[in-house]
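Chemist: Can you look at this prediction? I've put the sequence above it.
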Amino acid sequence: MLLFSIRRHCRSLACVAAPLALLALSGCGSWRNTKWSSPETLFGLIQPYQIDVVQGNVVTQEVMAQIQPGLGRTQVREILGSPLLADAFHADRWDYVFSIRRQGVPAQQRRVTVFFKDDMVERFEADPLPSEREFVASIDKPTVLKPVVPNLTDAEMAALPIPPKTDATRKAPLGAVRAYPPLEAGRP
């Protein structure tokens, strides 16, 4: 009966599709504000795996303390490694860029630039660099341990059998003890 009345009043598919589209779109504004629409999760239930992306050379305060004006290019390469950016148009400048994106920790990026004059370190510029301990702490994923809450009542907990205390010493096995003959019995 309903189908017949729809056919009678609306001759085109647009008459049916328009109210359905309006109904579907009416919830879009409130849908975006919920945790269900977060781009990091799928309906708030599944979080896709993101690979760790590490690029460049890790430069810490301890490593930068070794770079002094007057060092040669070879010495700088031994201390800091190969530069991430060595431009042919700026031959007297090496850029060391470090970036890390790791799931569960904020993304980090640091830049160190070493300027040369006559193949010797003239000066360097660096972002604020962490110490080695600070760097390790900044990339360490926090481990969140959820407390285990038993779902038993106090009476049920009291009714549980208490396992007997056992000695820490190991007891001899029960049953026959076998003695095997030496492998080369009877040979001098």
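Modeler: Nice, I can see it.

Chemist: I'd say residue 109 and residue 97 touch.
Modeler: Yes: counting by CB atoms under 8 Å, residue 97 is a contact partner of residue 109 at 7.1 Å. Glycine gets a C-beta too; all of them are placed from N, C-alpha and C.

Chemist: And residue 109, which helix or strand is it part of?
Modeler: Using DSSP states H and E, residue 109 sits within strand 105-117.

Chemist: ok, residues contacting that strand?
Modeler: Under the contact criterion CB atoms under 8 Å, 6 or more residues apart in numbering, strand 105-117 has outside partners 59, 64, 67, 73, 76, 80, 83, 92-101, 121-129, 138-142.

Chemist: coming back round to it: which one of residue 109 and residue 97 is surrounded by more residues?
Modeler: A direct count of neighbours by other CB atoms under 10 Å for residue 109 and residue 97 places residue 97 higher, at 17 against 12.

Chemist: quick one: the strands in the chain?
Modeler: 53-55, 85-86, 93-102, 105-117, 120-126 (DSSP state E).

Chemist: most neighbours per residue, which of those?
Modeler: By mean neighbour count, with neighbours taken as mean count of other CB atoms under 10 Å, strand 93-102 ranks first of the strands of the chain at a mean of 18.

Chemist: And the pLDDT for the closest residue to residue 99 other than its chain neighbours?
Modeler: Nearest non-adjacent residue to residue 99, counting by CB to CB, 6 or more residues apart in numbering: residue 109, 4.2 Å away. Residue 109 is assigned 93 on the pLDDT scale.

Chemist: so residue 68 makes contact with residue 121?
Modeler: Yes: with contact taken as CB under 8 Å, residue 68 and residue 121 are classed as touching, separated by 6.9 Å.

Chemist: low-scoring stretches of this protein, by residue?
Modeler: Scanning the chain for pLDDT under 70 picks out 1-44, 142-145, 149, 166-188.

Chemist: hmm, try it at 80
Modeler: 1-49, 86, 104, 140-150, 162-188 (pLDDT under 80).
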